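*Asks:* let me see the structure of the following:
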Amino acid sequence: MSQRLERSGLRLINPVVDIINYVMLEMGQPMHAFDLARIGSGAKGDICVRYARESEKLLLLNGEELALQKDMLVIADDNKPLALAGIMGGCESGVTEATTDIFLESAYFSPAVISGKSFKLGFTSDSAHRFERGVDFSITRSAIERATALIQDICGGSVGSVAEIRHQLPERIAVMVRPGRVTKILGIELGIKQISACFRRLQFSYSVTEDIFYVVPPASRFDLVIEEDFIEEIARVYGYDLIPAQLSRAPVRMLAEPETKASPIKRLHQILISRDYQEVINYTFVDAQWESDLSENNDPIRLKNPIASHMDVMRSNLFGGLINNLQFNLNRKQSRVRIFEIGSCFRREGTEGQEAEYLAALCSGSVYPEQWNMPSRNIDFYDVKMDVESLFWPRSLEFEPTIHPALHPGKSARILLNGKSVGWIGELHPRWQEKYHLSQSAVLFELLAEALATELLPRMRSLSKFPPVRRDIAVVVENNVSVANLLAAMNIEKDRSVSEISLFDLYSGEKLAQGKKSLAFRVLLQDSEKTLTDQEIEQSVQRLINALERKFGATLRS
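*Replies:* Reported below is the predicted structural model:
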């Protein structure tokens, strides 16, 4: 026995402890031996299993004095704890060379009670290793009888009575195993006889009803819970090498993808980078003051546990992070900044928060890098407007003057696509430029990413063999009449021969009455089937002029 223990890696202590360790290796049941004379009031003392009480301590066999916690299970007498249940015995009640009376303990402890205690304490034991994984609760009595017999054979002595206490033991519920499911998972078809042979070799108790197996897992197998666990056992006993390797057969079908739906992120990156922008990535949680200043959002979505005091709310737009990036660059003498960010914003809708993805950009400094062959010029609203239009091309946008908390009141606009608002563009408000200590202003825009995710479906049309005809219309209107409204009115009234209408000149000065401006439009006319006559051209142009006169009171400029 001593040789076998040493070859198993266990050190020899004394005959009683060695016998207990031998039975543990032989049957898988951990046990503990107490010096009966050191339990309670000697031979008449009682022991029990309970949770530790507050302020109790226990000196373990490894020499460590442990301050017991309330969730630790202990074996105790009527005075004090004797052992840490399922893990290690106590030094004060341990068996020594002077021990004459022995109390043997063989128990089953639930893995849920023992699991994690060794890691928390910083040491482990052979008992804890087994109890954490589950031991066979049906051999507790057999193990103590085996140990008792070995102690009598080797050490002699007489045997007392066995005290047995039963509590709620794990239930071994029959698990349904279907041959059809076995075939589906293993990929081979096994008959009732083959599956039965596997269960018999495993010594599993089972019954068969209507070709379905109901298998009761043995008390030693806590890893067998669901049907797939038993199918794995069938594969192991049947032989993995007998299961042929087969290529999977699964139909692969391409999903329909709408032609008008694009994946915009990569395309937007390419467009903006080609236009000299650089991408930045900022935190989605920002300073509450940014939300108040740049969004007039005094009730943002707050974080319960912010990582910093100045990052305590969720952002509702991307402007704050971009302005902070500009400030960082200007403080390091980088005056030309062109950056963009694609990220999520969060807005409160009633009692719930709504998340949406946006694209925003900021431009500041000169239009082009410093160079010798062209004069330096600071970027303006129309430079950035051109970048916005490139993102939506070939779709056309409308820009409507409006007011935004972060933007200059006279240099900002709402961006409209098919009459719906999709974003903002404008110069940074001078108030925020001063507050955030920016040495130069900036132009910003923000777009709803969803609006950028759709594209126009290409349509084929034949090219005209006939040359286009150009006519210019110069009209005088009030200063408050926008070019967009004039173009919209003409596009509604134009006939099929008009192919393009665009503004090419704006004039306001001494030759016009106060409060008036002159706008000149280029009108291209072309027919795909014939050459237009002078009469047809004049009728088409007059129709446009009539629309401007009727809706805006426009007059032709002489």
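
*Asks:* quick check, Leu326 in contact with Ser364.
*Replies:* Yes - counting by CB atoms under 8 Å, Leu326 does reach Ser364; the two are 5.7 Å apart. Where C-beta positions appear, they are placed from N, C-alpha and C, glycine not excepted.

*Asks:* give the contact list for the residue most central in space within the chain.
*Replies:* The geometric centre of the chain, computed from its C-alpha atoms, lies nearest to Ser344 (CA atoms, centre = their mean), at 13.4 Å. When contacts are counted by CB atoms under 8 Å, 6 or more residues apart in numbering, Ser344 touches 284, 355-358.

*Asks:* so it: helix, strand or coil?
*Replies:* When classified by DSSP: H, G, I helix; E, B strand; the rest coil, Ser344 comes out as strand.

*Asks:* need the overlap of contacts for Leu326 and Ser364.
*Replies:* 337, 442.

*Asks:* now do the helix ranked longest in the chain, average pLDDT.
*Replies:* For the chain, the helix with the greatest residue count under DSSP state H is helix 534-552. For helix 534-552, mean pLDDT rounds to 90.

*Asks:* check which helices and strands it sits against.
*Replies:* strand 469-478, helix 483-493, strand 498-507, strand 516-525 (3 or more CB pairs under 8 Å, 6 or more residues apart in numbering; DSSP states H and E).

*Asks:* for Ala83, which of these is the nearest?
*Replies:* helix 483-493 (87.5 Å; CB to CB).

*Asks:* which other helices and strands contact that closest one?
*Replies:* Short answer (3+ CB pairs under 8 Å, 6+ apart): helix 483-493 packs on strand 398-401, strand 498-507, strand 516-525, helix 534-552.

*Asks:* please redo it, this time with the cut-off set to 7 Å
*Replies:* strand 498-507, helix 534-552 (3 or more CB pairs under 7 Å, 6 or more residues apart in numbering; DSSP states H and E).

*Asks:* quick check: mean pLDDT of it?
*Replies:* Per-residue scores along helix 483-493 average to 88.

*Asks:* now do stretch 509-522
*Replies:* 86.

*Asks:* show residues contacting that stretch.
*Replies:* 470, 472-479, 483, 486, 501-508, 557 (CB atoms under 7 Å, 6 or more residues apart in numbering).

*Asks:* may I see the buried residues of that stretch?
*Replies:* Buried positions in stretch 509-522, judged by neighbour count with 16 or more other CB atoms under 10 Å: 516-519, 521.

*Asks:* dihedrals phi and psi, Ala361?
*Replies:* phi -140, psi 160 (degrees, to the nearest 10).

*Asks:* please name the residues that touch it.
*Replies:* 272, 277, 339-340, 444-445.

*Asks:* ok, 8 Å please
*Replies:* 272, 277, 322, 338-341, 384, 387, 444-445.

*Asks:* with Gly90 instead?
*Replies:* 58-61, 81-84.

*Asks:* got the buried residues for stretch 285-294?
*Replies:* 285-288, 290-291, 293-294.

*Asks:* mind checking which of the residues you listed are in helices?
*Replies:* Per DSSP H, the subset of the buried residues of stretch 285-294 in helices is 288, 290-291, 293-294.

*Asks:* could you dump these to CSV with pLDDT and distance to Pro401?
*Replies:* What follows is these, written out as CSV (pLDDT from 0 to 100; distance: CB to CB, whole Å):
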residue, pLDDT, distance to Pro401
Ala288, 87, 30
Trp290, 89, 25
Glu291, 87, 25
Asp293, 88, 22
Leu294, 89, 19
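
*Asks:* quick one: low-confidence residue ranges for this protein.
*Replies:* The chain contains residues with pLDDT under 70 at 41-45, 257-264, 455-457.

*Asks:* again, 80 this time
*Replies:* Within the chain, the ranges that satisfy pLDDT under 80 run 40-46, 167, 246-250, 255-266, 349-353, 453-464, 558.

*Asks:* if we can go back for a sec, return the most buried member of the helices and strands packed on helix 483-493.
*Replies:* Stretch with highest mean neighbour count among the helices and strands packed on helix 483-493: helix 534-552 (a mean of 15; mean count of other CB atoms under 10 Å).

*Asks:* partners of the following helix or strand past that helix, with directions?
*Replies:* Helices and strands here follow DSSP states H and E; after helix 534-552, the next one along the chain is strand 555-556. Under the criterion DSSP bridges, strand 555-556 sits next to strand 469-478 (antiparallel) in its sheet.

*Asks:* show me what counts as buried in the partner strand.
*Replies:* 469, 473-477.

*Asks:* how about the helices in the stretch 201-350 of the chain?
*Replies:* According to DSSP state H, counting those that start in this stretch, the stretch 201-350 of the chain carries its helices in the segments 227-238, 264-274, 288-295, 319-330.

*Asks:* now the buried members of the contacts of Ser344.
*Replies:* In these, the ones that pass as buried (16+ other CB under 10 Å) are 284, 358.

*Asks:* from the contacts of Ser344, which ones fall inside strands?
*Replies:* 355-358 (DSSP state E).

*Asks:* which SSE is Gln194 in?
*Replies:* helix 192-201.

*Asks:* report the distance from that helix to the chain centre.
*Replies:* Mean C-alpha position of helix 192-201 versus that of the full chain (CA atoms, centre = their mean, to the nearest Å) differs by 45 Å.

*Asks:* tell me the buried residues in it?
*Replies:* Buried, per 16+ other CB under 10 Å, within helix 192-201: 195, 198-199.

*Asks:* sweet, I'm off.
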